[in-house]
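Trainee: Here is a sequence with its predicted model. Questions after.
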Amino acid sequence: MFNYESYLRLDKFPLIWCSGCGDGIVLKSMIRAIDKLGLSKDDVCMVSGIGCSSRLTGYVDFNTLHTTHGRALTFATGIKMAKPRLHVIVVTGDGDATAIGGNHYIHAARRNIDITVILFNNFIYGMTGGQVSPCTPKGKRASTAPYGNFENAFNISGLAQAAGASFVARATVYNAVQLEKLIQRAIERKGFSLVEVLSPCPTAYGRRNREGTPVDMILQQKETTVSVAAAEKMSAEELEGKIITGVLTDVERPECREEYQKLIDSFRKEG
Amino acid sequence: MFNYESYLRLDKFPLIWCSGCGDGIVLKSMIRAIDKLGLSKDDVCMVSGIGCSSRLTGYVDFNTLHTTHGRALTFATGIKMAKPRLHVIVVTGDGDATAIGGNHYIHAARRNIDITVILFNNFIYGMTGGQVSPCTPKGKRASTAPYGNFENAFNISGLAQAAGASFVARATVYNAVQLEKLIQRAIERKGFSLVEVLSPCPTAYGRRNREGTPVDMILQQKETTVSVAAAEKMSAEELEGKIITGVLTDVERPECREEYQKLIDSFRKEG
Amino acid sequence: MAEETLRRKREAEITINTAWCKGCVICVELCPEQVLVMERGKAKVAHLDKCTVCGLCELRCPDFAIVVVDKNKSPKTGE
Amino acid sequence: MAEETLRRKREAEITINTAWCKGCVICVELCPEQVLVMERGKAKVAHLDKCTVCGLCELRCPDFAIVVVDKNKSPKTGE
Amino acid sequence: MAEEKKIKVLTGNEACAEGALAAGMRFYAGYPITPSSEVAEVLAEELPRLGGVFIQMEDEIASMGAIIGASLAGTKAMTATSGPGFSLMQENIGFAAMAEVPCVVVNVMRGGPSTGLPTLPAQADVMQARWGTHGDHAIIVLAPFSVAETFDLTVRAFNLSEQYRTPVILLLDEIIGHVNERVTIVDPGSLEIFNRIVPSDPPDQYKPYRHTESGVPPMIAYGEGYRFHVTGLAHDETGFPTNSAAEIGRMLERHHRKVEQARDHIVQVDPFMMEDAEIGIVAYGSTARSARHAVRLARETGKRVGLLRLKTLWPFADEEIRSYIGQVKSWIVPEMNLGQMAHEVEWALAGSAPVTRLNKVNGDPISPPEIYQIIPG
Amino acid sequence: MAEEKKIKVLTGNEACAEGALAAGMRFYAGYPITPSSEVAEVLAEELPRLGGVFIQMEDEIASMGAIIGASLAGTKAMTATSGPGFSLMQENIGFAAMAEVPCVVVNVMRGGPSTGLPTLPAQADVMQARWGTHGDHAIIVLAPFSVAETFDLTVRAFNLSEQYRTPVILLLDEIIGHVNERVTIVDPGSLEIFNRIVPSDPPDQYKPYRHTESGVPPMIAYGEGYRFHVTGLAHDETGFPTNSAAEIGRMLERHHRKVEQARDHIVQVDPFMMEDAEIGIVAYGSTARSARHAVRLARETGKRVGLLRLKTLWPFADEEIRSYIGQVKSWIVPEMNLGQMAHEVEWALAGSAPVTRLNKVNGDPISPPEIYQIIPG
Amino acid sequence: MSFRYEIRLSGEGGQGLVLAGKILAEAAAVYDDLNATQSQSYGPEARGGASRSEVIISDDEIDYPKAVSIDLLLALTQESCDRYYKDLKKGGILLVDSDAVNRLPEGEFRVISAPIIGLARERVGRALVANIVALGFIAGISGIVSEKSLRSAIEARVPKGTEELNLTAFATGLAEARLLMKN
Amino acid sequence: MSFRYEIRLSGEGGQGLVLAGKILAEAAAVYDDLNATQSQSYGPEARGGASRSEVIISDDEIDYPKAVSIDLLLALTQESCDRYYKDLKKGGILLVDSDAVNRLPEGEFRVISAPIIGLARERVGRALVANIVALGFIAGISGIVSEKSLRSAIEARVPKGTEELNLTAFATGLAEARLLMKN
Ligand SMILES: Cc1ncc(C[n+]2csc(CCOP(=O)(O)OP(=O)(O)O)c2C)c(N)n1
Ligand SMILES: Cc1ncc(C[n+]2csc(CCOP(=O)(O)OP(=O)(O)O)c2C)c(N)n1
Ligand code: SF4
Ligand code: SF4
Ligand code: SF4
Ligand code: SF4
Ligand code: SF4
Ligand code: SF4
Ligand SMILES: [Mg+2]
Ligand SMILES: [Mg+2]
């Protein structure tokens, strides 16, 4: 249906991810979105941290950078500030972005720097074998939460909204078409944009929490999510335990690099 | 009117702060609040980071800890988890809490750990001589923003709310009585509680931004703030540029150490 | 136009790259027409005739291992 | 009761610790009754008689340098 | 627990967790990282049962902060990590040194630099363990070579930490961390456990940084009626900041002295066939196992070679090495780095005997034959 | 600018900023910290005028990340900090070493450990600059002793960084950072500026980590038609992760070699009255000024003493020091730490001459008389 | 003279070879009072296809815990067989799954081919316990650890509730091995 | 023989002594072609009461940039006078503000007492420029830097728009000093 090949580093295949891992489905959606936008591969710079999801940058034929754990946004900020013509896309996991990288996450959102973040939320640390994440729902099990997680979980998207992001959306791999469209809109929107994707991790999360097969996990997304439009018509009780998908925020706010450019230009004019 | 002396380390006086610095007014309000609550000095543990405001811990006769820049909440989390009977109060600046310490800030709020944070927001890095902070309003000058800050500022309190804090309030030194009461309520509330205090820094912020004398800066607070109650009656245009004071959030949510205690107790029962 | 397009005869060509397929069964179970089956841990086309070229299997295959092409559609004019 | 309390005669005793006073002028300018003045960079009581013992100067002195006591009130029963 | 079998098969990481519990550790804060995560995983399971605290923090900086806080609150506390996390902990490790807060930091070494080789062994953080934080400071670093010794040295790490009021670093390498091996678990009561010395002064006379003869000031927990101040700024005996050069000098000198004058107690080496050795191998961690094997092989062919195994890496065993001057004619230092300890051995010997380096940083362990091959004679 | 006076009075921090601009630095990311903040403050003012980027990041970790990103995007980039921030940067400094990203990190040293003495000078991060990050790695570290030299060595730091594709650390101390002194600003055009070598290969043949003879692979920026991968994992010539021990060994060996085989170019010392010296002083940074003064005083009384001043701290000037074996009978190493470089000098000399240490960590600089006093004879 | 016996269990992730190695080591160390080490190699971080678990058993101290000259190699996949057979020592034993490994390598070692996975699936009822069936084979072939100790170690290490199943698996492997050894 | 002249300007924060020191150093280094260094001590981090600024002037290279034996000490507060007079060299000059410093120390140095702050306030109109008045004194007393160079350095370093004011302050100090020196 769609030819992914020209965007891939085929010699690195097969993917490192486990059988049934949702990350590959997200990767495909990302490629379709970039293709739709008609971006030149040379102008796309993809930056990731450390984690299963962050291995993505090794497979795509862009300018790619696999940084340190949690720090992708700092490298990306340097790139965007230094070379604003690049489309900078950050690939990160729930742990990478909101545990160790939480500070850079809220600051990039505050600056509203023109970077698109695709956040692979699998509710767990996949790469290191299933430790609890700040996004693991309360009560769920992880290798470091053998009796169930006793901490409260983050609302990742809400955090980005509060910090000042221009565009915030949530999607599932179940609805990969919506996912693709949201990624497209996120890249289009000037400023900090986030797409939080719920991406099943059958190995480190599913198994331990008896969530069934990869298929079960994908189908479960259908049940647990409601669209923004549907949610608006639902009562608080009905929404209990539901995850809202779709565009949560889409506003225009001053963008960091453009504001800085104004400063540079003010001297150009003078001179 | 009130005897502060028994709470102070008088041999460390006079305070290190500049003439007219608002921090001393906050300190007094804190002491009054603690006194009202009748807490034993032995049971109060005050933890600070690095900054002008964070020097506070040197002056009060509690269990005091002056940590590294931005990390007060991590030390405080260790203390609270290890010895929950202590009342743990964190003293921090806008830079300390939201720049370098932003991650610990949102995570402590997420965990809703029973710690009270008094955040001295002077919109600047005072201690190091006036560099721009994530809370410096856009356009304002700082030693590292000589042409005016080009970045967007944080809404500190909004961030704590989004991250999951139980109690969030904002106050001024102008209204030191309200400040005291809010601190009192913050300490009383189980869970993560924040009081963001606008504390004028005439030296590093005021001078550079032509805000006048310390008195001018204190009086200005009166003009720029509106109470939650008043704000509710105002239109969006009227609220433009205004800062809302009072209790912004006050909810009951599961508290971190208590949730952990349940886990411990589950084994006690078994055995 | 939508009507015409839909009515045009669809003829599927399904390619499975067994070197990449990890046997997650996603394509098999989520195919609305039960076109696919598992064999020796890999996906396999069993009932090509039933395929409606809906593309769902390809969309959701995490490993780029299954490719569906509508043979009656020129590759240039993909939707 | 509030009425009586307010009507009770107030007699102020104001102590300024010049070693701690940094001369920020806050107390002087924010005293509603102009009781205080500056002298050689330190606050000083000029019109004690005008003082209403409102306590605002003390409340806002950042340096614990000014203490106001209502001499007609026993120290134990502070409001 | 008394009726449980005494012999267990554990990995080094598991033994480390068990050792910590045996030493009385009741507070663990950490952030997962390969190849150390099992330390946390065991403790996540065990600590709540014992009424202790297990908390996974948002990162390694926070983990280090939390264990310092917990230790100040009176609980023996630990964290475990690997290279990248160890780098992040450096600032707060310096705080623990400056504020003299006992705690144990475990680093299960993997290949570096940077993300490097997450699942493969290395020994390249030896110098970092000594010098990773800014400013001059004393530090104690231990390195076990077996699972059984991991248990023992973890207990010892806590003891030294409590006795000298200082952070102690335990360096495992991936091989020791992950190998399953026999451990004889001794009766917890029979372990020698050292707890920090509490002050005998009443609260108003307590000085948290008193210049005692041992160099170690007594320490009381927060919330016990003593209200004192702790800071990472240079401070005097009372714990409050000072800019007096004399006071600062005195304090930093004491920090150094408390470790240096106890070096004979802290430094442990394990000589193997060194009595008549003319060739000496200095090794530590898993590489010492290969070295021991190589020594056995070489002895079979009549070579007079021995192994001086370092259990304590810092303070460095310079005196112990120098004690062989005259007897040992040449030394070999195999290590999974580019010669970090070999440099120290050369320094200690000051030219009195040649040192041959055997270095490997490609993720492959150094095998016995590789060492055997370069034994002269 | 051409008509401006050529002689300026600047602080070391200001000269560092000026030197960076002269070297072509157009991206600065940093986080303020005493006593380095003026570097940032000057650049916040100058960079926007030049079309460059100044950004204050949320912390030092982010600052280090940002400059690596900017450098990969093709801009010469720098950050400045002091001890606590330098500790936080270590993980990402290791990334820069591993991924071979040119950048300059300035550390204006203050008293440590921990928050220590924020406004007072020290030289105690010398070993940290070498060993602060996990894993074995090569690094270049320079230390100027005057404001004028700060300008020069900042330019040089960029040149070396670009030439060898490696992070370069510039260690100032608080005294050099804050002293106002005469600098003769040379015409920017007359400065020797080195820019990274770009590949001559077409994009499809480009290998970002090619094993060249010099050990330094050509480097192209992101967004220039070459699409390559950069990672902190061990990787092969193409930049993609590998677990092949052979490939990894080859890569790490090359990292080391590119610096080691160029050590004669990188290592600079400044001998002062060493021609006939029988007593040698090894010093660097502001302490070298006191040492030079002490040498002058001692020469007046006829003592044959000289100063071998280190401008490059790492790679260490072992050969330069050893070149005096036979001539110099004893050495003195004064430094504001507990003997970090003295240890290296001892190592280099391997017992061939005694080394006297003069150490101070209380925030007071080492004065000329203090050195003069211990010059024997 | 002391002995050192090196066993490598190889196959792919999910076959439980790490657990099998641990059981073997525990049988030797806890119940047979020998020294034993078990170690494994990891792929890039948590995952990866090939799996390798090594057990060294000795009556003396075990210095180097990695296999250098293998006495017994178990290969449950063709890939692992191809990759590792060269590390077998002269006279060693190569134990392969007869269904998974078609191309048998040649060399100075003895090859034992048996339908290990098939036995687990068909006789025990679950392919998952092939690792324990393999332990039965190893016990029967090598005799390096006692049957009794292995049974105890299996009981102690397998998930609660699966003891019976696993002991059956072990017995199946052991019986098959004894049969083979007789021939 | 080369000379080394050490000046310490002391008083309290806000008196502009750091700027004065820089101007002095710049006058010597940029305009008089001498070598000069200026340095200061900081209190705990950014702030702190006492302020100290040191200028070393020499026709040779300046090695140690801190004062060791002071030629001229300016003290604008009693505290700074008390603290630093001991560092004056034999025959050095102690220049104090006659209003601020009441208790004059004794020693083998020459004391010059003048109402520096008063002159700034009354003659120039702003107490803030006492630092520049002091520079006038220093020029007049020591002659270590030329009047012309100091004027140029002042013009270059003071905030735009305040040049006149500051040059007047300088002239005031210089004239007073010359008067004093005549006596
Ligand atoms: C500084 C540092 N700490 C810890 C790690 C170990 N580590 C690697 S990935 C990871 C978590 C990954 O979780 P997430 O970001 O959710 O990604 P996922 O694997 O789930 O896609 C951790 C803790 C590291 N590499 N560096
Ligand atoms: C790791 C580290 N980075 C930087 C600093 C320098 N520093 C000290 S305080 C401070 C900022 C203080 O600002 P804020 O928290 O707002 O406190 P304030 O002084 O304004 O009360 C900085 C950057 C430090 N001490 N440690
Ligand atoms: S561990 Fe989870 S997230 Fe990682 S590759 Fe496997 S399924 Fe995906
Ligand atoms: S610099 Fe600002 S915040 Fe700091 S003490 Fe002075 S007035 Fe207060
Ligand atoms: S294209 Fe649709 S119908 Fe055809 S195999 Fe795929 S999922 Fe089934
Ligand atoms: S979805 Fe892809 S990987 Fe999964 S079974 Fe189908 S073809 Fe194979
Ligand atoms: S108490 Fe009130 S009236 Fe009296 S001096 Fe203070 S502010 Fe003025
Ligand atoms: S408010 Fe306090 S410090 Fe300020 S002038 Fe009055 S007494 Fe002095
Ligand atoms: Mg995850
Ligand atoms: Mg502030």
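Mentor: Received the coordinates, thanks. This is a predicted model, so every value here is computed, not measured. Numbering: from 1, shown residues only, chains lettered A, B, ... in the order given. Ligands and ions are numbered 1, 2, ... in the order given.
Trainee: What residue in chain C comes nearest to ligand 1?
Mentor: Nearest residue of chain C to ligand 1, counting by C-beta to the nearest ligand atom: residue C:62, 13.1 Å away. All C-beta spots, glycine's among them, are computed from the backbone N, C-alpha and C.
Trainee: so that residue touches residue C:24, yeah?
Mentor: Yes: the criterion here is C-beta atoms under 8 Å, and residue C:62 meets it with residue C:24 at 6.6 Å.
Trainee: Common neighbours of the two, please.
Mentor: By C-beta atoms under 8 Å, 6 or more residues apart in numbering or on different chains, residue C:62 and residue C:24 have these common neighbours: residue A:20.
Trainee: mind listing what residue 138 touches?
Mentor: Since no chain was named, I'll use chain A. Contacts of residue A:138 by C-beta under 8 Å, 6+ apart are A:148, A:149, A:150, A:151, A:152, A:153, B:254.
Trainee: not quite, I wanted chain E
Mentor: E:97, E:166, E:255, E:256, E:258, E:259, E:260, E:315.
Trainee: how much space between the nearest residue to the first one once chain neighbours are set aside and residue A:252?
Mentor: Excluding its sequence neighbours, the residue lying closest to residue E:97 (C-beta to C-beta, 6 or more residues apart in numbering or on different chains) is residue E:137, at 4.3 Å. To residue A:252, residue E:137 is 51 Å away according to C-beta to C-beta, to the nearest Å.
Trainee: Quick check on those two: which one has the bigger neighbour count.
Mentor: Applying other C-beta atoms under 10 Å in any protein chain shown to residue E:137 and residue A:252 shows that residue E:137 carries more neighbours, namely 27 against 11.
Trainee: who touches residue E:269 in this structure?
Mentor: Applying C-beta under 8 Å, 6+ apart, we find residue E:269 in contact with E:308, E:309, E:310, E:311, E:312, E:317, E:320.
Trainee: same thing with residue A:125?
Mentor: Residue A:125 neighbours (C-beta under 8 Å, 6+ apart): A:51, A:93, A:95, A:99, A:131, A:132, A:133, A:142, A:204, E:32.
Trainee: Kindly state the pLDDT recorded for it?
Mentor: If you check residue A:125, the pLDDT there is 98.
Trainee: quick one: it from ligand 9, how far?
Mentor: The gap separating residue A:125 from ligand 9 is 6 Å, by C-beta to the ion, to the nearest Å.
Trainee: Can you read off the backbone torsions of that residue?
Mentor: Per-residue torsions, residue A:125: phi -90, psi 100 (degrees, to the nearest 10).
Trainee: The strand or helix carrying residue A:24 and ligand 1, are they touching?
Mentor: Per DSSP states H and E: residue A:24 is located in helix A:23-37. No: using C-beta under 6 Å from any ligand atom, helix A:23-37 never reaches ligand 1; the gap is at least 6.8 Å.
Trainee: Where does the prediction get shaky in chain C?
Mentor: Counting by pLDDT under 70, chain C contains low-confidence ranges at C:1-8, C:74-79.
Trainee: if we go to 90?
Mentor: Scanning chain C for pLDDT under 90 picks out C:1-11, C:40, C:71-79.
Trainee: Spell out, range by range, the helices that occur in chain G.
Mentor: Here chain G has its helices, by DSSP state H, at G:17-26, G:78-84, G:116-119, G:130-142, G:147-157, G:163-182.
Trainee: Likewise for chain C?
Mentor: Taking DSSP H, the helices of chain C run over residues C:2-7, C:26-30, C:56-60.
Trainee: Give me the contacts around the last one.
Mentor: When you say that, I think you mean helix C:56-60. With C-beta under 8 Å, 6+ apart, helix C:56-60 has contacts from A:1-2, A:25, A:28, A:173, A:176-177, A:218, C:14, C:26-27, C:30-32, C:35-36, C:66-68.
Trainee: And the second one, by the same measure?
Mentor: When contacts are taken as C-beta under 8 Å, 6+ apart, the neighbours of helix C:26-30 outside the stretch itself are A:20, A:213-215, A:218, C:36-38, C:43, C:56-58, C:60-62, C:66.
Trainee: now do 10 Å
Mentor: A:19-20, A:22, A:24-25, A:173-174, A:200, A:213-219, C:14, C:16, C:21, C:34-38, C:43-46, C:56-63, C:65-66, C:68 (C-beta atoms under 10 Å, 6 or more residues apart in numbering or on different chains).
Trainee: Chain neighbours aside, what residue packs nearest to residue 13?
Mentor: Answering for chain A, as no chain was given. residue C:20 is the one closest to residue A:13 (C-beta to C-beta, 6+ apart), at 5.7 Å.
Trainee: actually it's chain G I care about, not the one you picked
Mentor: Excluding its sequence neighbours, the residue lying closest to residue G:13 (C-beta to C-beta, 6+ apart) is residue G:51, at 4.9 Å.
Trainee: Tell me which residues touch that neighbour, please.
Mentor: Contacts here follow C-beta under 10 Å, 6+ apart; on that basis residue G:51 touches G:9-18, G:21, G:40-43, G:76-77, G:80.
Trainee: what about it, distance to ligand 6?
Mentor: 20 Å (C-beta to the nearest ligand atom, to the nearest Å).
Trainee: Can you give me the neighbour number for the residue in the stretch 101-250 of chain E that ligand 3 sits nearest to?
Mentor: Of all residues in the stretch 101-250 of chain E, residue E:118 sits closest to ligand 3, at 13.7 Å by C-beta to the nearest ligand atom. Counted with other C-beta under 10 Å, the neighbours of residue E:118 add up to 24.
Trainee: And it, its phi and psi?
Mentor: According to degrees, to the nearest 10, residue E:118 has phi -60, psi -30.
Trainee: What of residue A:217?
Mentor: The phi/psi pair for residue A:217 (degrees, to the nearest 10) reads phi -70, psi -40.
Trainee: Now do the helix-or-strand element of chain G with minimal mean pLDDT against helix G:130-142, angle only.
Mentor: Ranking every helix and strand in chain G by mean pLDDT, DSSP states H and E puts strand G:50-58 at the bottom, with a mean of 91. Interaxial angle, strand G:50-58 versus helix G:130-142 (axes from the mean of the first three to the mean of the last three C-alpha atoms, to 10 degrees): 40 degrees.
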